[in-house]
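Visitor: okay, sequence plus prediction incoming.
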Amino acid sequence: MRDCYEVLGVSRYASASEIRRAYRKKAKLLHPDITHADAETFRELVDAYKTLSDVKSRSLFDESTAYKQYGPQRKKKYSSFDYRKWLLERNDEESNAKLIFYDLVHGREDDAVAEFKGMNMKDQNFRLSKWFTREDFMDYGFILAEELVLRQEYYDAIILLDQIIQMEYNFNYFKFFFPEVKDLALHVLKYNIEGSVPEELALDAWERALELKFGNAEDSFFLTKMAEVYERIGDRNTARICREEALRLKK
């Protein structure tokens, strides 16, 4: 078996986030349906990702004879400049944004999530995409959204996924990974938002969903949920409008 780290193009010390990003980046270059690349090469990439994305299988690989043939490896020596400390000492939005993604790919996922939530609470108009290239924002943003979902921070995940999906409609970057992005957003919107956040935030999430082109059946579902909330808060007129539109989309 080839060195999984070599196949993915990451170091032995790569974080889980780095591994996911490396896989998605290479998969877009090697997927047979997109680039007509060799199918065996793509399968090798998938196998390497499966090995390294699972904690147990990665540990077994690291200890295996197949991996030991590469000999002991040492971490590269870096300069004494502490980039993270430098970012932490700065209070501007750009530094705060870059700290989030820096922590995300350096094994500090909990910190990245906390920093992102803190920035959203501090400024409702905060947008990570302002400070990164489109490609970096979409790659790292999706990884951050996955981390938010794992920690049951569902509304914050939807805010981020909404930006990524809208961006994809304009730039077509994710390509065959896009269904994965939409599936995550749809699952959160249908099964996780209700009951986990205040109703005004649930309404906001479902209103965003109507702009994400999930289809008539899903839009009907969201409108029905919105109608139920409006009924509970006493806005019967808006509830009626939502129900009528939901029924229209079912036809």
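Guide: Cool, got the structure.
Visitor: could you list the residues in contact with stretch 142-149?
Guide: Residues outside stretch 142-149 that contact it (Cβ atoms under 8 Å, 6 or more residues apart in numbering): 17, 20-21, 100-101, 104, 109, 112-113, 116, 128, 154, 156-157, 160-161, 164, 174, 181, 184, 188, 192. Any C-beta I mention is one placed from the backbone N, CA and C, and that applies to glycine too.
Visitor: would you put the C-alpha positions of that stretch in CSV?
Guide: The C-alpha coordinates for stretch 142-149 follow below in CSV (Å, rounded to 0.1, in the frame of the first residue of the first chain):
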residue,chain,number,x,y,z
PHE,A,142,-17.4,23.8,4.7
ILE,A,143,-15.0,22.1,7.1
LEU,A,144,-16.0,24.7,9.7
ALA,A,145,-19.7,24.1,9.0
GLU,A,146,-19.1,20.4,9.6
GLU,A,147,-17.4,21.2,12.9
LEU,A,148,-20.3,23.4,13.9
VAL,A,149,-22.8,20.7,13.2
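Visitor: give me the residue at the spatial middle of the chain.
Guide: Phe142 (1.9 Å; Cα atoms, centre = their mean).
Visitor: where's that one relative to Phe116, distance?
Guide: Computed with Cβ to Cβ, to the nearest Å, the distance linking Phe142 and Phe116 is 13 Å.
Visitor: all helices of the stretch 1-150 of the chain, in order?
Guide: For the stretch 1-150 of the chain, helices defined by DSSP state H, counting those that start in this stretch occupy the ranges 4-8, 16-30, 32-35, 39-53, 55-63, 65-68, 83-88, 93-104, 109-122, 134-150.
Visitor: typo on my end, the stretch 151-251 of the chain
Guide: Using DSSP H, counting those that start in this stretch, helices in the stretch 151-251 of the chain cover 154-171, 178-187, 199-209, 216-232, 236-250.
Visitor: closest one to Asp54 among those helices?
Guide: Of all the helices of the stretch 151-251 of the chain, helix 178-187 sits nearest to Asp54, with 17.5 Å by Cβ to Cβ.
Visitor: just the angle between the closest one and helix 16-30, please?
Guide: Per axes from the mean of the first three to the mean of the last three Cα atoms, to 10 degrees, the angle that helix 178-187 makes with helix 16-30 is 130 degrees.
Visitor: now the helices of the stretch 1-150 of the chain in TSV, with mean pLDDT and distance to Asn216?
Guide: Below are the helices of the stretch 1-150 of the chain laid out as TSV (pLDDT from 0 to 100; distance: least, Cβ to Cβ, whole Å):
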stretch	mean pLDDT	distance to Asn216
helix 4-8	90	40
helix 16-30	83	30
helix 32-35	60	27
helix 39-53	86	34
helix 55-63	82	41
helix 65-68	49	51
helix 83-88	93	45
helix 93-104	93	36
helix 109-122	91	31
helix 134-150	92	25
